[in-house]
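[1] the following block contains a protein sequence and its predicted model.
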Amino acid sequence: MTFAASDSLLRDFQATVRFIIDEPSYSSVCHKPGTDGLCAAPVCPVDMGELPASTLTRFAVNSSATLQPYRTLRLGMTSEERTALFEYYLNPEPEIRNQTETAMEAQADTIAEAVAAVKGLRSLFFDSDLSASNKRSKYMRCMFGMGAPLPGFRNAKDREADQDLKFDDAVSHIRETVNKKWFTQSAEERPLRPLVFGSRILQQQFAEVSVTDMVWAAGSVVFVYAYLFFHTGSIFVASLELLQILCSMPLAILVYKLVYGIDFFQTLHSLSVFIILGIGCDAVFIFVDAWNQAPVNVFRTDDETLIKRMRFTYERASKALFVTSFTTFAAFLATGSSQIMPIATFGFFSATLVMMNLLLDLVFLPAVIVLWERSVRPRERACGEACCSAPAVPAAGDDGEEPAEEGGTAKGAAVAPRAARDSQGAPSAEFSGTNPMREEEAGAKPGASGGKPASGSADEAAGKVSAAVSMGAVRAGQSLPDRVATNEDAQATRAIEVCFRDRWTPLVHRLRYVILVLGVALLALTAWASSTLAPLSKQEEWFPTWHFVGRAMELAQDTFGATENDRKVDVTITWGVEGVDREGTYAFDPNDIGTPIWYAEFDPAHLQSQALMHRVCRDIDSGLVPGGKVESLKECWVDSFGSWLTKNGASFPVDISNTTVTGANATASAQLKNACGVETTQSGLFHCLVSEFTTASGSPGVSLRNRAVLGLDSSNKLKLASVVARTSLAFGEPYATNKPVLDAWNAYTASIDETGKSHGMGKSLQNAGMSWAWMQTERALVTNALQGIAIAVSVALVVLVVSTDSIPVGVFATVTIAGIVLSVLATMVALGWELGTTESVSSVILIGYSVDYAVHLANAYQEAGDFHHDGTRKTRLDRTRSALTEYGVSIIAGAVTTFGAGVFLRGGTIMFFQKFSVLIMASIAYSLVWALTFLPAVLMVLAPEDSLCALSAMARCRLRPKLPASAQTPAPGQVAAADGAAASPAQAAASGAAAETAETRGGGSPTGPDAARGKAPGRLRPQSQL
């Protein structure tokens, strides 16, 4: 609470405390330490004054004087009195030594304990700025004990779910009531700003806010739907494909729960909806763009044309979809190898989700596209034409005679264009059209090989019409031009495709060497920056500081000091347990933790065993654990046991030969003699006395904590025993601080095991609860991130080499992916982030985003083929231009939807969502930069220029028999078909014409384009030699 020493603020502070304890729901949830049902008094640094009797009777104390068992701020104090009060909390020893009457002295056995208790209260009550030079506290803290069981429940475990619900309702009501009372006025009118917070409130808020944050997913869905409609131009396709993407979620959940048998599902898994929106839309864009770019007459909807068109779309899109989905699947599967169960299950679920979406893409999406093309798209065109007042063009086969164009071609009729070529330049028998993305007119655009063919030929006109229709120039609201007047019209494309072909590609080509140098430098710089990414140095932040939970956690960690029971690490050494048997446990059930493996040789009754446990207590009490940062001995049951024995007339260690309990001259109390006097063995006497000790409720030296460090079986035999050390290690310290302390305690337990192995004490375990567990989690986060990235990149390399059929191209694409990942990791470092849960998960997930665009371009480069349709060889620039023009539009569309889905995550409250949003947007931004600049530059400079370097071509060369010399140099006008097959007369004629044209362009001069590549001018290499 914001505090300044004034009576008005003290009155508000008193009013706040009284308001809480008078709230009816507080009585049901307050901590009741005794059996009388009375609440424990709140622990506050401000005197409550004269409380009403009705209030006092509800607490375990019955007067306002004893309600505050320590010095407090009071109304009417002078500045000197306030200063003296703060000085007391800063240095209480002088007053305590002067026997000042304080409740702390009455409760403490020694002056040192009293001093430590008062200093602990200083850290509990006041902020860490309170010092000898600054006797003021901006913040104060008041502790209200709350716990179970609630009224109407037998114990804390009785109907636990119902009890938790009622407890949460009561605590929420208290918090909301305080906020309504104190925050309805401005800070100027009421400067005291109370903040109600606790561990249960943290859990409750996390659950509530997580659900609220997921509402932002609706915004992502709306954005994705709008862009799907914008890109496809069809509300029909946009609606069904969004439904398909969302349907992959329940299918994945079905497989996840029924096939895998995993029931664990939490907020982290819900992030998959944002991931699949981006991945699913990317698949839709690739498929629809391939359909629109198919080299067929787009107005024909007969079965034969649709089958050919779908075959082309499948051949081009399915490979891209499979490769990108498989690499993303591998990235998520790498996350599934995490040692952290929630992260592992998230990886399994997300990997399954990607595969379900791919299955729907290959089965449902084609059906949607065909139904759209056959039944819906004509109506959309008609609607568009009516809205835009554009003249309609009848499709081929409509009634009515069309005027013939020059060359006898009727307008709207199917045109027989030039034959398309496959990826090796061979004529394709499947399509009677040409894809202008890959088969550019030679000389039509800057950088194309060869010259411009003679205009006016029937072949050219056919190519123009085919190009116009194959580009999907006629979409909803557009009509086929009456005629294609120029060669540029044959390249009718969307503006973004024209931009990639005519603007972006030449720009990258001019700057290719600069881009390569900058790319290599950036790789080195980001690799160095990524190497500095460190594990968390403090507890992970789940809420921003503007949220009351985030503010409360910040104050607890950074403003208030560590108290006796706050943020200190306790190390427990336990004997009797050898380990945990996890055989048969289910790794994905957090409650199935296994069963203890008891140490069969455990013998605590042995005299040397008792002495060893006593020695361990003395070592801890004296700080004789090198590197263990021991602060104090928190719990030693041996000391309490010895004191209890002494007060009951016995002695420690328990020795059957000592007749204090057994025998006629025993000096022990009647209770001990009656209970254990008949024992005749060392073991029997020891276990009997320990059993009496643990059940001696209310006896001196016996507390509930004693029972917590001892474990007896059903026969009252001691099965395990522990001692507890309080260290100076603060909870949440970084791995680098915790690891040496852990190693020190491991070394110490190893030494005592060596000492005790001869008498049943050769196995001890030490743990520090959540501190060691969190340290292992931090290490696992780092290890899993590096391991996941390594696995995902390795899989991407293999898949890219196989899919591109080229080792160089696969390697170049993988280097591009590495650049994207390193750039994102370097961004984390620049933002001051450390490797926590969000960063660890995201570092692997971003592999899936990083792969897609590089995969598309690398495969498109290889599929561009070696030759233009006129027989001239394509250069690296030609193939790169083809890849960028063909896939650039799909890449941009996929980036927009994924980036947009990530933007909506920024609206969430939980820091996990906000960080994940930043990483998604950074991944997409870097993916665009690297994939559209660095990878094209590498391909233009270093990529193979023909298919001779393809893995499949090299394999065929090794298997193909050597051809006769006559077959290796065919006469002009004859080109052997691929793999030695005889070429058809039409193909031979076309190839011969192409060769003649090439010879004419080359002019037989050594300065021709072929000579520049070191070949005989005007000669085309026969395909049988490829």
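    Alright, I've got the coordinates. Residues are numbered from 1 along each chain as shown.
[2] so after whatever helix or strand residue 902 lives in, what's the next helix or strand?
    Element membership for residue 902, per DSSP states H and E: helix 876-905. Using DSSP H and E, the next helix or strand after helix 876-905 towards the C-terminus is helix 911-929.
[3] would you map the helices across the stretch 751-900 of the chain?
    Counting by DSSP state H, counting those that start in this stretch, the stretch 751-900 of the chain has these helices, from start to end: 770-804, 807-830, 837-863, 876-905.
[4] coming back round to it: how far off centre is the helix holding residue 902?
    Distance of helix 876-905 from its chain centroid, counting by CA atoms, centre = their mean, to the nearest Å, is 24 Å.
[5] just use 231 as the starting number from now, easier for me
    Noted, 231 is the first residue going forward, which turns the last one into helix 1106-1135.
[6] that helix vs helix 1141-1159, what angle?
    Orientation check (axes from the mean of the first three to the mean of the last three CA atoms, to 10 degrees): helix 1106-1135 against helix 1141-1159 gives 160 degrees.
[7] shaky segments in the stretch 581-730 of the chain?
    614-723 (pLDDT under 70).
[8] if you set the cut-off to 50 instead, what comes out?
    Within the stretch 581-730 of the chain, the set of residues satisfying pLDDT under 50 comprises 619-722.
[9] the helices of the stretch 981-1130 of the chain: which one's closest to residue 474?
    Between residue 474 and the helices of the stretch 981-1130 of the chain, the shortest gap by CB to CB is with helix 1106-1135, which sits at 14.3 Å. All C-beta spots, glycine's among them, are computed from the backbone N, C-alpha and C.
[10] and the lengthiest strand in the chain, which strands flank it?
    Ranked by residue count under DSSP state E, the longest strand found in the chain is strand 948-960. If you go by DSSP bridges, strand 948-960 pairs up with strand 798-805 (antiparallel), strand 860-866 (antiparallel), strand 940-942 (antiparallel).
[11] can you lay out those strands as JSON lines showing distance to residue 917 and mean pLDDT?
    Output for the strands paired with strand 948-960, formatted as JSON lines (distance: least, CB to CB, whole Å; pLDDT from 0 to 100):
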{"stretch": "strand 798-805", "distance to residue 917": "14", "mean pLDDT": "90"}
{"stretch": "strand 860-866", "distance to residue 917": "19", "mean pLDDT": "86"}
{"stretch": "strand 940-942", "distance to residue 917": "8", "mean pLDDT": "83"}
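[12] go through these and pick out the most buried.
    strand 798-805 (a mean of 22; mean count of other CB atoms under 10 Å).
[13] pLDDT below threshold where in the chain?
    231-235, 292-299, 330-338, 619-722, 795, 927-937, 1193, 1195-1256.
[14] residue 381 is in what secondary structure piece?
    Applying DSSP H and E, one finds residue 381 in no helix or strand.
[15] ok, the nearest residue to it once chain neighbours are set aside - how many residues close by?
    Of all residues beyond its chain neighbours, the one nearest residue 381 is residue 258 (5.5 Å), with distances taken as CB to CB, 6 or more residues apart in numbering. Neighbourhood size, residue 258 [other CB atoms under 10 Å]: 16.
[16] could you check how far the helix or strand harbouring residue 258 is from the centre of its chain?
    Assessed by DSSP H and E, residue 258 sits inside helix 254-259. Per CA atoms, centre = their mean, the displacement of helix 254-259 from the mean C-alpha position of its chain is 40 Å.
[17] what helices or strands is it leaning on?
    Where contact means 3 or more CB pairs under 8 Å, 6 or more residues apart in numbering; DSSP states H and E, helix 254-259 is packed against helix 390-412.
[18] mind listing what's buried along the following helix or strand past the helix it packs on?
    Per DSSP H and E, helix 390-412 leads on to helix 429-443 as the next helix or strand towards the C-terminus. For helix 429-443, the neighbour count (16 or more other CB atoms under 10 Å) marks 430, 431, 434, 435, 436, 439, 440, 443 as buried.
[19] tell me the spacing between the nearest residue to residue 1042 once chain neighbours are set aside and residue 835.
    Leaving out its chain neighbours, the residue that sits closest to residue 1042 by CB to CB, 6+ apart is residue 1168, at 4.7 Å. Distance, residue 1168 to residue 835, using CB to CB, to the nearest Å: 75 Å.
[20] now the residue most central in space within the chain. Nearest residue, chain neighbours left out?
    Taking CA atoms, centre = their mean, the centroid of the chain lies closest to residue 1071, which sits 2.9 Å from it. Nearest residue to residue 1071, sequence neighbours excluded (CB to CB, 6+ apart): residue 573, at 5.8 Å.
[21] and this protein, what are its domain boundaries?
    231-255+273-284+336-441, 463-610, 724-762+1007-1184, 798-960+964-997 (the TED database).
[22] need the strands paired with strand 948-960 in a markdown table with distance to residue 425, can you?
    Formatted as a markdown table, the strands paired with strand 948-960 follow (distance: least, CB to CB, whole Å):
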| stretch | distance to residue 425 |
| --- | --- |
| strand 798-805 | 23 |
| strand 860-866 | 30 |
| strand 940-942 | 40 |
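[23] of the ones you listed, which is nearest residue 605?
    So among the strands paired with strand 948-960, strand 798-805 is nearest, using CB to CB, at 69.2 Å.
[24] follow-up on the earlier one: how near is the residue nearest to residue 381 to residue 246?
    When residue 258 is compared with residue 246 (using CB to CB), they lie 20 Å apart.
[25] same question, residue 588
    Residue 588 sits 58 Å away from residue 246, going by CB to CB.
[26] let me know whether residue 498 touches residue 576 as I believe.
    Yes: between residue 498 and residue 576 there is a contact under CB atoms under 8 Å: 5.0 Å.
[27] shared neighbours of these two, which are they?
    residue 1071 (CB atoms under 8 Å, 6 or more residues apart in numbering).
[28] between these two, who's got more neighbours?
    Comparing residue 498 with residue 576 by other CB under 10 Å, the one with more neighbours is residue 576, at 25 against 19.
[29] quick one, what contacts that one?
    By CB under 8 Å, 6+ apart, the residues touching residue 576 are 498, 499, 501, 502, 565, 1071.
[30] restricted to helices, list these.
    Among the contacts of residue 576, the members found in helices (DSSP state H) are 498, 499, 502, 565, 1071.
[31] dump the residues you listed to CSV, plus distance to residue 1143.
    Converted to CSV, these look like this (distance: CB to CB, whole Å):
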residue, distance to residue 1143
498, 10
499, 13
502, 13
565, 18
1071, 12
